[in-house]
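Asks: give me the fold of what follows.
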Amino acid sequence: MILAIESSCDDSSISITKIDTLELIFHKKISQELQHSIYGGVVPELAARLHIEALPKILEECKEYFSQLKAIAVTNSPGLSVTLTEGVSMAKALSISLNLPLIAVNHLKGHIYSLFIEKKEILPITVLLVSGGHTQIIEANSLNDMKVLATTIDDSFGESFDKVSKMLSLGYPGGPIVEKYAQKGDSNRFDLPIPLSQSPKIEFSYSGLKNAVRLKVEDLERTNLEEQDKYDICASFQKTASAHILQKLKKLFKQKAPKNFAIVGGASANIYLRSQIEKLCFDFGVKLYLSELKYCSDNAAMIGRVAVEQYKIRDFVKVNEIDIKTRVKEI
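Replies: As a prediction, the model looks like this:
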């Protein structure tokens, strides 16, 4: 079995995956959303302190499996340096004390392999990764052959939801809150600009859309911002934010439609975005794959799934040579 640790942001998670059958033997995640909601976003130093408390508690529940472990895996990039350090420190200690090889896992590969938890991998596949930190299209041919085809030049899809939620004082995390408000709103009430709609490039941008929402909110606040206004802003924003992605994906599909396509990442849990991409894939005859909703956000199960593939090719790292990286351009 492989024990995997995930602490790239504000979720403390540990999993144990069986190497031969891919069975997820153990998986637990402790979220910090409540603690960070007070501040309207993740506070890195607070997140690190909470990892120090949570990770040992979860590890205590795994002790019965220690004798069956063949390796220790941990997310080492990308993420917040102070939170990655907590997971990596624990992984190093376990690797040394149990005399087991150490596997360093790229967090973005983890999201791609969230599609294959307890399943065999299906590659090649083109993936849309949408989260609080990333909006990317990745061409995944194999474990070590992945290419970023497009990325955001400023804010990410998930981050823009958080910021819109903050503008409307709705709370954190913004993704599920804005999505819930959008269900009660009129998505056609506010005409918001679709980012880069005239650009031939396949890339993403959310700063302009975010600013357009801010101006609309400020305008409504001069009179009286009603609850229905908030519903309508959320619906209009969600529709426009998703339309931006759909436009760029359509350009990509017209150039060369992939056989297999998937949406991964925390923001891929957005049902509206899923339904729109499902229609697009149907129109182009593309097979769509989706992660289970419980595996969309950061979790150790996806890290353990990648680690199984790395274990098979003996992709290990020395304890004193594991690097922590906050950002990566290529995976």
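
Asks: so after the strand or helix carrying L220, what's the next helix or strand?
Replies: Using DSSP states H and E, L220 sits within helix 207-221. Moving toward the C-terminus from helix 207-221, the next helix or strand (DSSP H and E) is helix 227-255.

Asks: against which helices or strands is the next helix or strand after that following helix packed?
Replies: Note on helix 227-255: by DSSP H and E, the next helix or strand toward the C-terminus is strand 260-264. Counting contacts by 3 or more CB pairs under 8 Å, 6 or more residues apart in numbering; DSSP states H and E, strand 260-264 packs against helix 107-113, strand 125-130, helix 271-284, strand 287-290. Using the backbone N, CA and C atoms, a C-beta is placed for each residue, glycine as well.

Asks: how about the CA coordinates for the helix or strand bottoming out on mean pLDDT in the chain, as CSV?
Replies: When the helices and strands of the chain are scored by mean pLDDT, DSSP states H and E, helix 33-37 comes last with a mean of 90. Extracted in CSV, the C-alpha atoms of helix 33-37 (Å, rounded to 0.1, in the frame of the first residue of the first chain):
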residue,chain,number,x,y,z
GLU,A,33,-13.1,26.4,5.4
LEU,A,34,-14.8,27.5,8.6
GLN,A,35,-11.7,29.0,10.1
HIS,A,36,-10.8,30.8,6.9
SER,A,37,-14.3,32.1,6.2
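
Asks: let me know the next secondary structure element after that helix.
Replies: Taking DSSP H and E, what comes next after helix 33-37 is helix 44-60.

Asks: so which elements touch that next one?
Replies: Using 3+ CB pairs under 8 Å, 6+ apart: helix 44-60 touches strand 11-17, strand 24-31, helix 33-37, helix 81-98.

Asks: which parts of it are buried?
Replies: L46, A47, A48, R49, L50, H51, A54, L55, I58, L59 (16 or more other CB atoms under 10 Å).

Asks: repeat that for stretch 55-74.
Replies: Applying 16+ other CB under 10 Å to stretch 55-74 flags L55, I58, L59, C62, L69, A71, I72, A73, V74 as buried.

Asks: ok, those residues vs A182, which is closest?
Replies: I58 (33.9 Å; CB to CB).

Asks: next, the contact list for V127, please.
Replies: H111, I112, I137, I138, E139, A140, F261, A262, I263, V264 (CB atoms under 8 Å, 6 or more residues apart in numbering).

Asks: could you chop this structure up by domain?
Replies: For the chain, automatic domain parsing gives the domain ranges 2-117+295-321, 125-290.

Asks: what's the most buried one of these?
Replies: domain 2-117+295-321 (a mean of 20; mean count of other CB atoms under 10 Å).

Asks: and the end-to-end length of that domain?
Replies: Taking CA to CA, to the nearest Å, domain 2-117+295-321 runs 20 Å from one end to the other.

Asks: same question for stretch 295-304.
Replies: 12 Å.

Asks: neighbours of K119, how many?
Replies: 11 (other CB atoms under 10 Å).

Asks: confidence score at it?
Replies: On pLDDT, K119 comes in at 96.

Asks: check V328 too.
Replies: At V328, the model reports a pLDDT of 67.

Asks: now L170
Replies: Note on L170: pLDDT of 96.

Asks: what are the phi and psi values for it?
Replies: The phi and psi values for L170, taken as degrees, to the nearest 10, are phi -90, psi -20.

Asks: cool, G175 as well?
Replies: phi -50, psi -60.
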